[in-house]
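> Sequence first, predicted coordinates after that:
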Amino acid sequence: MAHPTAAASRAPAPAVLALMALGLVLLVAVPVLNMLPPDSAFYLSDFSVVLVGKYLTYAMLALSIDLIWGYCGILSLGHGAFFTLGGYAMGMYLMRSIGTRGVYRDPILPDFMVFLNWKELPWYWYGFDHFAFAALMVVLVPGLLALGFGWLAFRSRITGVYFSIITQALTFALLLAFFRNDMGFGGNNGLTDFKDLLGFQLNLGSTRRAIYLASLIALVGTYVLCRWITRSKLGRVLIAIRDAESRVRFLGYSVTAYKLFVFTLSAMLAGIAGALYAPQVGIINPSEFSPANSIEAVIWVAVGGRGVLYGAVLGAFAVNGAKTWLTSSVPELWLFVLGGLFIVVTIALPRGLIGLIGLGGGAPRGLGLDRLLPRFTMPKPRRGDG
Amino acid sequence: MAEPILYLDGVNVSFDGFKALNELSLIVEMGELRTIIGPNGAGKTTMMDVVTGKTRPDTGTVLFKGSHDLTRLDEARIANLGIGRKFQKPTVFDSLTVFENLELALKAPRDPFAALRFKLIGAQRTRIEEILDLIGLTERAFELARILSHGQRQWLEIGMLLMQDPELLLVDEPVAGMTDQETEQTADLLRRIAGQRSVIVVEHDMEFVRALATKVTVLHEGSVLAEGPIDQVQANERVIEVYLGR
């Protein structure tokens, strides 16, 4: 009964599946090799575990961007905001777990509040001593922000570059707000000096490996979820919105509802990524809100290949791998490389690395990759042209 | 007598002082095939925008089946009431196959969560196949809409409208850019569609209007100039004046 819709032909090709399996084996190997004795030839340092673990959370962020940009044509240049909010929610739990082990030994107040001479915990820090509450906030805070922000923007039919610009403004506004000490999030130092997570000491190799594995599972879960969505009819509506938004509307679909759904979901996924990021790097501070971070995340997706889920993952690993290598060997070169990368990809490689190595999502008839070019559409005035 | 499917009375729309529609009044009966002609800027497209919710009139009444006030609803709600619209430029989803284009237009719950759980059932597949046959695209069902010819894209869009099963179909210049043969086929297609539903066609091509052989409404400067069979309209002094200049 199966009919060869494009959806069916979008199943990954054997080559892609093999590549994914190889990637997964390598990623699983990282914590395993870390458990070898340090003098073994195959030993991987704790530093490597944290580094690759960080990439895993970046890959999740890339997936969340690809879902809205590659499929629905919504270019968010502020997704770092949702990632960082998730990181802060986790950071608040980690801060409250420190308890009396802080410098000032206050059982309730984190060090920076004691330092500011605060006597009471602000109300918005309540509940963060419970992991379950913090975990809920990790998805709820970015999700609600995206829902409110998206509702205002999509209802007013703000699209294309205009939407991109206001998302930049959003993350910049959060950057400025979180820099202020009065906000109660540690000002420009952010949240740091974490001791343990769920009672496990963060500086132990076993805890690091566990967080790494949690990140890997979250990444795979995000991939499976995004794949399920993009292969459903909902996914086809998203692609239709990208291709011809007004036609979707005249077919009786509420474009606003679809965009809100996918934007909110994407923000929640970014929040989870941020929550896994914070305990691995051991700090979360306002610089994570910087607009450049969000743009960089979009570049990962563009480099990997937007509109193909594994392209986003590949892009996140490739660009961050290059960044780690370059910033340690020729640090002054990195920004030029990043900028150059964006220009080259935009002009010469619209399908990103995926297109370069000729993997078309297993699609016959050249499908799968040719639908990856969301257009910048100028918002049309609501009234007709007479 | 039954309620008219579409009732416009005293509709005014202006853009920055330009009156696109000026006290426009128009009635289309159930099951009617109506052609609307008029020079550029006569308000044909604006009229369609008003009916489909894209443009809100400044004043005036727009009723669908006598009871639905279209000036208060947005595009999606109006589409779900049973009004379909074909754009002047063929607008289909390039990155989806012909089949998927029709599937999206299929009558089914339109909210995101329903779309997530959607499974195509036998009767729906049969319906899509019927439409594919009607628009002559059965052979190309699983090809991307992007690679269709201009005429085929037009038919695909008409097919999508039929999938919606609308009671009123608005078709904006369906034969612009078509070959003679395609034009003939399109006229045939539209005549077959009318009868079960009402169709309003906006057109420039007089040959095509003749081929449709319907009641014609002539718009000029945002209001109705003349109405009647094509021969009568073409003989009308004022219509000749407007079309040929004085």
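Structure received.
> how far away is the residue sitting nearest the centre point of chain B from A:W325?
Nearest residue to the geometric centre of chain B (C-alpha atoms, centre = their mean): B:L170, 1.6 Å. Computed with C-beta to C-beta, to the nearest Å, the distance linking B:L170 and A:W325 is 59 Å. The C-beta positions use only the backbone N, C-alpha and C, and glycine is treated the same way.
> ditto for B:E227
Taken as C-beta to C-beta, the span from B:E227 to A:W325 is 75 Å.
> Count the neighbours of B:R72 for me.
11 (other C-beta atoms under 10 Å in any protein chain shown).
> just to revisit the earlier point, could you check which of B:E227 and A:W325 has the larger neighbour count?
Each of B:E227 and A:W325 has its neighbours counted (other C-beta under 10 Å); B:E227 has more, 17 against 11.
> Give me the sheet partners of the helix or strand hosting B:S198 and which way each runs.
Using DSSP states H and E, B:S198 sits within strand B:198-202. Applying DSSP bridges, strand B:198-202 is found paired with strand B:33-37 (parallel), strand B:168-172 (parallel).
> Turn those into CSV, columns for mean pLDDT.
CSV is the format used below for these (pLDDT from 0 to 100):
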stretch, mean pLDDT
strand B:33-37, 91
strand B:168-172, 92
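> Please dump those into TSV; it should also carry distance to A:L147 for every row.
Below are those laid out as TSV (distance: least, C-beta to C-beta, whole Å):
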stretch	distance to A:L147
strand B:33-37	42
strand B:168-172	34
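> can you tell me which of those strands comes nearest to A:N203?
Closest to A:N203 of these is strand B:168-172 (C-beta to C-beta; 67.9 Å).
> Could you pull out the buried residues of the helix or strand just after that closest one?
Counting by DSSP H and E, the element after strand B:168-172 in chain order, helix or strand, is helix B:180-193. Under the neighbour-count criterion of 16 or more other C-beta atoms under 10 Å in any protein chain shown, helix B:180-193 has B:E182, B:T183, B:Q185, B:T186, B:A187, B:L189, B:L190, B:I193 buried.
> So which residues make contact with helix B:180-193?
Outside helix B:180-193, the residues that touch it by C-beta atoms under 8 Å, 6 or more residues apart in numbering or on different chains are B:33, B:134-136, B:151, B:154-155, B:158, B:162, B:169, B:171, B:174-175, B:178, B:199, B:201, B:205, B:207-208, B:211-212.
> Please list the residues of the stretch 151-300 of chain A that sit near chain B.
A:229, A:232-234, A:236-237, A:239-240, A:242-244, A:246-255, A:257-258, A:261-262 (C-beta under 8 Å from any C-beta of the partner chain).
> what's the offset of stretch A:177-191 from the middle of its chain?
Between the centre of stretch A:177-191 and the centre of its chain there are 22 Å (C-alpha atoms, centre = their mean, to the nearest Å).
> ugh, wrong one, I meant stretch A:61-71
On C-alpha atoms, centre = their mean, the centre of stretch A:61-71 falls 8 Å from that of its chain.
> what's the average pLDDT for it?
For stretch A:61-71, mean pLDDT is 97.
> does chain B sit close to that stretch?
No: using C-beta under 8 Å from any C-beta, stretch A:61-71 stays clear of chain B, coming no nearer than 9.8 Å.
> just the helices in chain B please.
Taking DSSP state H, the helices of chain B run over residues B:44-51, B:75-81, B:98-105, B:112-117, B:122-134, B:150-163, B:180-193, B:206-212, B:230-235, B:237-244.
> looking at the ones you listed, which is closest to A:T207?
Nearest to A:T207, of all the helices of chain B, is helix B:112-117, at 36.6 Å by C-beta to C-beta.
> Could you pull out the buried residues of the closest one?
Within helix B:112-117, the residues scored as buried using 16+ other C-beta under 10 Å are B:P112, B:A115.
> Alpha carbons of it, as PDB, please.
This file holds the C-alpha atoms of helix B:112-117, laid out as PDB (Å, rounded to 0.1, in the frame of the first residue of the first chain):
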ATOM      1  CA  PRO B 112      -0.600  21.000  14.300                       C
ATOM      2  CA  PHE B 113      -1.300  18.100  16.700                       C
ATOM      3  CA  ALA B 114      -3.800  16.500  14.300                       C
ATOM      4  CA  ALA B 115      -1.200  16.900  11.500                       C
ATOM      5  CA  LEU B 116       1.400  15.100  13.600                       C
ATOM      6  CA  ARG B 117      -0.800  12.100  14.000                       C
END
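> packing partners for it?
helix A:233-243, helix A:255-281 (3 or more C-beta pairs under 8 Å, 6 or more residues apart in numbering or on different chains; DSSP states H and E).
> May I see the ones you listed arranged in JSON lines, with distance to A:T171 and mean pLDDT as well?
Listed next are those as JSON lines, based on distance: least, C-beta to C-beta, whole Å; pLDDT from 0 to 100:
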{"stretch": "helix A:233-243", "distance to A:T171": "23", "mean pLDDT": "96"}
{"stretch": "helix A:255-281", "distance to A:T171": "11", "mean pLDDT": "97"}
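> Relative to A:L176, which of these is closest?
For the helices and strands packed on helix B:112-117, proximity to A:L176 was assessed by C-beta to C-beta; helix A:255-281 is nearest, at 18.7 Å.
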